[in-house]
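*Asks:* Everything below, folded, please.
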Amino acid sequence: MKKAILFPGQGSQFVGMGRDLTDAIPECKALFEKANDVLGYDMAAICFDGPEDELKKSHNTQPAIFTVSAAVFEALKLKKPELTFDFAAGHSLGEWGALYAAGVISFEDTLRVLKARGEYIQAACDANPGGMLAVIGLDGEPLEKIAAETGVTLANINSPGQTVLSGTADAIEKAAEACKAAGAKRALPLPVAGAFHSPLMQPAAEKMAALLVDIEFSAPVIPVLSNVTGAPHESVEAIRANMVAQITGSVRWVECMQYLAAQGVTEGVECGPGKVLAGLMKRIDKSVSITNIGALSDFEV
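*Replies:* Predicted structure coming up:
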């Protein structure tokens, strides 16, 4: 019986996340204190007390979700030391959590990368305005054709029947009309800062490439799935290249989860805030059972 550990991405955050872990587990509290030192501001206070508008800013959200996920991972090792994993994966920024859990990158360096990643992405959003569109009930060739015709990108291929498109405001508007005309159940603009996982994020990718040159990566102790390929990273050099490509490339989450199922994974743990990934897996492959652990009470189940 093979198991995978999964890490959520942006959108899973909520005010108050991680507080119970830091109150009860000294090792988790120490992680948040270390995060505050690395980032140079009280990130723990933003996690625990908000305000929500501050937590939603990418340069805060990304290190915050990672730190909570890392705290859950630490608690998991302490409370369930017998639990081991065969694969790791994460959705968008969550892939950095997977790399951390697999021993590829240190906690401190992950925080530095994610703070910069959030800043780079926000700057790209400001320079190249755009948006995202959640499409429900339309897949495959019809959606790919609409993307090609309207100039949008398939940003997040989350589950059968759920794909997020990304592009300029004009392209998103055209894509929404085309998707509805093609029979989509819904085509909903998302309240996001810009066109994530699209060519509009190229300035952020270029800055990330320069940053990662000086970040130390080690070989993973378990395979980590790449968002951009849907399969494990093949080398340390591939990790560096893929994590740059991820900023402009599609999140191939369906392919990642199908890969796990094909490798015999039957159980997984969603490690961090929210239950988004567990919900997606139910629509991708019901033979894989995902348990969410994001709070102290989840260890008592």
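
*Asks:* What ranges does the stretch 1-150 of the chain have for its helices?
*Replies:* 19-24, 26-39, 43-49, 52-55, 58-79, 94-101, 107-127, 140-150 (DSSP state H, counting those that start in this stretch).

*Asks:* for Tyr100, what are its contacts?
*Replies:* Phe66, Ala70, Phe73, Ser106, Phe107, Thr110 (CB atoms under 8 Å, 6 or more residues apart in numbering). C-beta coordinates here come from the backbone N, C-alpha and C atoms, glycine included.

*Asks:* Now list the buried members of those residues.
*Replies:* Phe66, Ala70, Phe73, Phe107, Thr110 (16 or more other CB atoms under 10 Å).

*Asks:* Tell me the one among those nearest to Met281.
*Replies:* Phe73 (18.8 Å; CB to CB).

*Asks:* from memory that closest one sits against Ala98, does it?
*Replies:* No - with contacts counted by CB atoms under 8 Å, Phe73 stays clear of Ala98, the gap being 10.1 Å.

*Asks:* residues shared between the contacts of those two?
*Replies:* Joint contacts of Phe73 and Ala98 (CB under 8 Å, 6+ apart) are Ile5.

*Asks:* could I get the buried ones among the contacts of Tyr100 as a markdown table with distance to Phe14?
*Replies:* Shown next, in a markdown table, are the buried ones among the contacts of Tyr100 (distance: CB to CB, whole Å):
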| residue | distance to Phe14 |
| --- | --- |
| Phe66 | 15 |
| Ala70 | 17 |
| Phe73 | 18 |
| Phe107 | 22 |
| Thr110 | 21 |
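
*Asks:* could you dump those residues to a markdown table with distance to His91 and pLDDT?
*Replies:* What follows is those, written out as a markdown table (distance: CB to CB, whole Å; pLDDT from 0 to 100):
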| residue | distance to His91 | pLDDT |
| --- | --- | --- |
| Phe66 | 12 | 97 |
| Ala70 | 16 | 98 |
| Phe73 | 16 | 97 |
| Phe107 | 20 | 98 |
| Thr110 | 16 | 98 |
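
*Asks:* That'll do, ta.
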